[in-house]
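Trainee: I'd like to go over a predicted model; first the sequence, then the structure.
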Amino acid sequence: MSESLDQLADEVAALEQRVSEAIFGAVRAQLRASDTDAADLEKRLAKVRRSLVKAEALLRGAAD
């Protein structure tokens, strides 16, 4: 069971990395064009990223 949870945690960590990359892309777009849509996207993606970090920690057994 713990092996499958570790694998799931690894997948969540990979998703978190992809979301982080999307955040940086949104920030770059915002800086280039003062794009308010990019600012909203960055905020939503940051919230998703924080949730993924928490999910990974819970799966690995590091409860708050």
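Mentor: Structure received.
Trainee: which residue is nearest the middle of the chain?
Mentor: Arg49 (2.4 Å; C-alpha atoms, centre = their mean).
Trainee: how far does stretch 29-41 stretch from start to finish?
Mentor: 10 Å (C-alpha to C-alpha, to the nearest Å).
Trainee: ok now that stretch, how far from the chain's centre?
Mentor: Offset of stretch 29-41 from its chain centre (C-alpha atoms, centre = their mean, to the nearest Å): 18 Å.
Trainee: contacting residues around that stretch?
Mentor: Ala22, Ala26, Val27, Glu42 (C-beta atoms under 8 Å, 6 or more residues apart in numbering). The C-beta positions use only the backbone N, C-alpha and C, and glycine is treated the same way.
Trainee: tell me which residues in stretch 41-59 are buried?
Mentor: Leu41, Glu42, Leu45, Val48, Arg49, Leu52, Ala55, Glu56, Leu59 (16 or more other C-beta atoms under 10 Å).
Trainee: Skip ahead from the longest helix along the chain and say which helix or strand is next.
Mentor: Longest helix in the chain by number of residues (criterion: DSSP state H): helix 2-33. The helix or strand immediately downstream of helix 2-33 is helix 36-59, counting by DSSP states H and E.
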